[in-house]
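Asks: I would like to see how this sequence folds:
(chains A and B)
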Amino acid sequence: MTSKTPLIELQDVTKKYPLGDGEFYQSLYGISLKIYEGEFVAVMGPSGSGKSTTMHILGALDTPTTGKFLFKGKDISSYSDDELAEIRNQEIGFVFQSFNLLPRTTVFKNVERPMMYGKVPSEEREKRVMEALRLVGIEDKAQNLSNHISGGQIQRVAIARAIIMNPSIILADEPTGNLDSKTAHEIMGYLQDLNNKGRTIVVITHEEDIANFAKRKVRIVDGKIVSDTST
Amino acid sequence: MEYQEIIKSAIISLRRNIMRTGLTMLGIIIGIGSVIMIASIGQSAIAFVTNELSSFGTNYFQIIPGGDLFSAAGGASQDPLTLEDAEAIEDADISNIESVAPIGYASRFISANEEQVSVFVYGITQAGQNMLKPELVYGELLTDANSTDRVMILGIDSSEELFGEGINPVGESVRIGDARFKVIGVTKSDSALMGRFFNSAAIIPLEVLSDDIRGDEELAEIDISVEDTNYLNQTMQDVEFFMRERRNIDDDEDSNFTLTSFQESLDTVNTITGLLTTLIAGISSISLIVGGVGVMNIMLVSVTERTKEIGLLKSIGAKESDILTQFLIEAVVMTVIGGIIGIILGILGAYGVSAVVGIPFVLSLPWIIIAVVASTLIGIVFGLYPARRAAALSPIDALRYE
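Replies: From the prediction side, this is the model:
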């Protein structure tokens, strides 16, 4: 742990989803978790355990039903949609399992898009896109359409996009779920490199060998944290 | 996000389903295209008629037999105009009248050199000749001296049919039935309207027409020129009053003759064209509304199809306003492109019709502006609901959408 104030803190977070007729499905039962700057955390759990819900809350894509979500010490549980959008734009980089890129849009445009929402001046955008693509080794694919590159390349573009706004944290939801093991390890290697350079990374996975890339493993079962171990 | 980028991205999205986009635009294309075409043809017609009528001059009006233009055009009035009517008007003390020109006509065969052509033979006086101002190619016009002689001015087409192209027939002899006429001149008009009448006609003195050809004093029309155009309508009323008195028409009876001025003809053309354009615009607006509903429908389909994409955009920081703007601009780009295609097709259609009919082509700029504004508004109005639906999607629901 590299600093005293956690980057992200969940305090006794619950999440319920309405099913209609007054019924609810509860996904999280009082999760408390602190993630510090520079950490590489794997959130693990079987399907339906609540790990994806945890990631959605960590990523400011969803808000807790009860409990607090502190981002850099600020409670953002009651932020408006637009305020949350700004947090996602400035502070969080996402890598999803699938549907990571805008269809029939160039790699360049995909990576550039968060900067457009972040109102980064156009003259600066090109430089930053090319730098990010170089970092993941696919600067030569900049003008390729997103549907004309391989699965591994798509995930690398997603990583480039995730870091383009220089966010505080990168959230990867099963980032290697659709990849063969060699490519999967390659992608995890990129995330590990980023972590070694000081970036905070949270990976959601159900695969042990993927989780082994992380320095800390948080296991969730039935909406509760059952173990939290660091290596 | 900059509008330039949003428009680019909208075009990319629309190109993904080029066929669907094209079909959706069709309603807008047809609506806008038909309005532009009709409006341009209308403007062309007005320009043409204005041009033609101004060549006649606006300082005179006509009296034609029959109670309305249609019965007059039929030429079968039970109360024909006569030379006596014209003389009575001339002799009456009606102010502002400059001159009165009685014009008679008959449809006859003219023969010469064993050639025979069917022509309208106009009988005019010196006053009529002054008003019609025929342009001479050969020879001379009618004069007071030959107003009772069997002399004839041929239209250029009639002359060429009878004597051949480039031949000066002045001095030659032609026949209408048994009556022999001496050709004293050839006239030609480049005006489409005047040309149609006079190039294939023949002009002879009115008296000769009445005595030797028709055998009666019936007239086709009486043309009256005025001294001051500002009081044209007043003079027309005075003449009408005089004619009604002369013909003993009761107050509750319609006139059995019609007065018409070129200004009135121009007004009529303007009114008809305006009505036609409004009517077509009304019908086209239905097409535009149907087109707009089509756009809304396709945009709703597009929002559903691209739910995951919307989730992805929200996850990387797109605000509700960003998504709303993106989808709204997509709808507007679709309707504006449709509108522009419609404008181009409308202009081409109008150009084609003008070329075929032989009238000058006039571009209707106000209608083009109206078309662009209308297509933009349709995009906004019918794109708003789908765009709001897209913007309101929660990022999680959108990302999870299968």
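Asks: would you list every one of the helices in the stretch 1-150 of chain B?
Replies: B:3-16, B:18-56, B:69-74, B:83-91, B:126-132 (DSSP state H, counting those that start in this stretch).
Asks: Chain A against chain B: which residues are in contact?
Replies: Contact residues (C-beta under 8 Å from any C-beta of the partner chain) of chain A with chain B: A:56, A:59, A:61-62, A:81-82, A:85-86, A:88-90, A:94, A:96, A:99-105, A:109, A:113-114, A:116-118, A:122, A:161, A:165. Every residue, glycine included, has its C-beta placed from N, CA and C.
Asks: Of those, which belong to helices?
Replies: The members of the residues of chain A next to chain B that map onto helices under DSSP state H are A:56, A:81-82, A:85-86, A:88-90, A:109, A:113-114, A:116-117, A:122, A:161.
Asks: burial of residue B:356, as a residue count?
Replies: Residue B:356 has 8 neighbours, counted by other C-beta atoms under 10 Å in any protein chain shown.
Asks: same for the helix or strand where it lies, what does it pack against?
Replies: Assessed by DSSP states H and E, residue B:356 sits inside helix B:320-357. Where contact means 3 or more C-beta pairs under 8 Å, 6 or more residues apart in numbering or on different chains; DSSP states H and E, helix B:320-357 is packed against helix A:81-91, helix B:3-16, helix B:18-56, helix B:262-305, helix B:307-315, helix B:365-392.
Asks: Please identify the most buried of those helices.
Replies: helix B:307-315 (a mean of 23; mean count of other C-beta atoms under 10 Å in any protein chain shown).
Asks: the inter-axis angle of it versus helix B:365-392?
Replies: 80 degrees (axes from the mean of the first three to the mean of the last three C-alpha atoms, to 10 degrees).
Asks: Touching helix B:307-315 from outside, list them.
Replies: With contact meaning C-beta atoms under 8 Å, 6 or more residues apart in numbering or on different chains, helix B:307-315 is reached by A:59, A:61, A:85, A:88, A:94, A:96, A:99-103, A:113, B:303, B:322-323, B:326, B:390, B:393, B:395-401.
Asks: And those residues, which of them are buried?
Replies: Among the contacts of helix B:307-315, the ones that count as buried by 16 or more other C-beta atoms under 10 Å in any protein chain shown are A:59, A:61, A:85, A:88, A:94, A:96, A:100-102, A:113, B:303, B:322-323, B:326, B:390, B:393, B:395-396, B:398-399, B:401.
Asks: now for chain B, which residue lies nearest the mean position of the chain?
Replies: Note on chain B: the residue nearest the mean C-alpha position is residue B:45, at 2.5 Å, using C-alpha atoms, centre = their mean.
Asks: Once you drop chain neighbours, what's closest to that residue?
Replies: Nearest residue to residue B:45, sequence neighbours excluded (C-beta to C-beta, 6 or more residues apart in numbering or on different chains): residue B:273, at 5.8 Å.
Asks: list the contacts for that neighbour?
Replies: Contacts of residue B:273 by C-beta under 8 Å, 6+ apart are B:42-43, B:45-46.
Asks: at 10 Å instead, please
Replies: For residue B:273, the contacting residues are B:38-39, B:41-46, B:49, by C-beta atoms under 10 Å, 6 or more residues apart in numbering or on different chains.
Asks: Same check on residue B:245?
Replies: Neighbour list for residue B:245: residue B:92 [criterion: C-beta under 10 Å, 6+ apart].
Asks: Need the contact partners of stretch A:125-133.
Replies: Contacts to stretch A:125-133, defined as C-beta under 10 Å, 6+ apart, come from residues A:107-116, A:118, A:120, A:138-142, A:156-157, A:159-166.
Asks: Distance check, the residue of the stretch 51-200 of chain B found nearest chain A against residue B:58.
Replies: Nearest residue of the stretch 51-200 of chain B to chain A: residue B:51, at 53.3 Å (C-beta to the nearest C-beta). Per C-beta to C-beta, to the nearest Å, residue B:51 is found 13 Å from residue B:58.
Asks: Chain A contacts on the stretch 201-350 of chain B?
Replies: The stretch 201-350 of chain B comes close to chain A at residues B:306, B:308-309, B:311-323, as judged by C-beta under 10 Å from any C-beta of the partner chain.
Asks: Contacts for stretch B:231-238 next, please.
Replies: B:58-63, B:89, B:92-98, B:224-229, B:259-264.
Asks: again, 6 Å this time
Replies: Contacting residues not belonging to stretch B:231-238 are listed as B:61, B:94, B:96, B:226, B:259 [C-beta atoms under 6 Å, 6 or more residues apart in numbering or on different chains].
Asks: now swap in stretch B:175-192 and tell me
Replies: Outside of stretch B:175-192, the residues within contact range by C-beta under 6 Å, 6+ apart are B:52, B:55, B:108, B:110-111, B:134-140, B:150-154, B:156, B:159, B:169-170, B:172-174, B:195, B:198, B:212.
Asks: coming back round to it: greatest separation within the residues of the stretch 201-350 of chain B next to chain A: which pair is it?
Replies: With C-beta to C-beta as the measure, no two of those lie farther apart than B:308 and B:321, at 20.4 Å.
Asks: so residue B:180 sits in a strand?
Replies: Yes - Residue B:180: assigned to a strand according to DSSP: H, G, I helix; E, B strand; the rest coil.
Asks: Name the nearest residue to residue B:137, sequence neighbours excluded.
Replies: Nearest in space to residue B:137, with sequence neighbours left out and distances taken as C-beta to C-beta, 6+ apart, is residue B:186 at 4.5 Å.
Asks: If you tally nearby residues, what's the number for the one you found?
Replies: Neighbour count of residue B:186, defined by other C-beta under 10 Å: 25.
Asks: List the beta-bridge partners for it.
Replies: Beta-bridge partners of residue B:186, counted by DSSP bridges, are residue B:138, residue B:154.
Asks: Tell me, what's the model's pLDDT at it?
Replies: Predicted confidence (pLDDT) for residue B:186: 93.
Asks: try the one 5 residues further on
Replies: As summarised for this prediction, residue B:191 has a pLDDT of 69.
Asks: Residue B:298 now?
Replies: Predicted confidence (pLDDT) for residue B:298: 93.
Asks: What backbone torsions are found at residue A:36?
Replies: Dihedral pair for residue A:36: phi -100, psi 160, per degrees, to the nearest 10.
Asks: ok, it touching residue A:6?
Replies: Yes - using C-beta atoms under 6 Å, residue A:36 is in contact with residue A:6, at 5.4 Å.
Asks: show me the contacts for residue 174.
Replies: Reading this off chain A. A:97, A:205.
Asks: Hmm, no, I was thinking of chain B.
Replies: B:110, B:112, B:181.
Asks: so who does the closest residue to residue A:61 other than its chain neighbours touch?
Replies: Counting by C-beta to C-beta, 6+ apart, residue A:61 lies nearest to residue B:395, which is 4.7 Å off, once chain neighbours are set aside. By C-beta under 6 Å, 6+ apart, the contact set of residue B:395 is A:61, B:311, B:314-315.
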